[in-house]
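> Any chance you can model this:
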Amino acid sequence: MGVGATVIFGSDEVADFCFEMDDAAEKGETIGLLESALDVVLEDPKGADRGEVLVAVAAAALVALSAGNTVELDEFDVNGPER
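All right, here's what the predicted structure looks like:
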């Protein structure tokens, strides 16, 4: 799959993360996975690799969705955010 898609959940790394979230048995485990995904990037934003950043964005989207929000990507194109 790679990163050919412009959607948040369109990479192999994020798919793996989603499988981990799906396999998590308890609420505390899912929260831990979300925290870990975000912490990797927050602790060293310049050192995080592409896959870690993609997973962190997906984790942030899941947190936003769990708060009852929607995630709109209309302002994004294949080159990133429109200016």
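
> what's the closest non-adjacent residue to the most centrally placed residue in the chain?
Centroid check for the chain by Cα atoms, centre = their mean gives Ala58 as the closest residue, at 1.5 Å. Using Cβ to Cβ, 6 or more residues apart in numbering and skipping residues adjacent in sequence, the residue nearest Ala58 is Val14, 4.5 Å away. Heads up, the C-betas are built off the backbone N, CA and C, glycines and all.

> can you confirm the one you found is in a helix?
Yes - membership of Val14 in a helix is supported by DSSP: H, G, I helix; E, B strand; the rest coil.

> contacting residues for it?
Neighbouring residues of Val14 by Cβ atoms under 8 Å, 6 or more residues apart in numbering: 8, 54-55, 58.

> Export the residues you listed to JSON lines and append columns for secondary structure.
Shown next, in JSON lines, are the contacts of Val14 (three-state DSSP):
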{"residue": "Ile8", "secondary structure": "coil"}
{"residue": "Leu54", "secondary structure": "helix"}
{"residue": "Val55", "secondary structure": "helix"}
{"residue": "Ala58", "secondary structure": "helix"}
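
> Name the member of these with the most neighbours.
With neighbours taken as other Cβ atoms under 10 Å, the top of those is Val55, carrying 27 neighbours.
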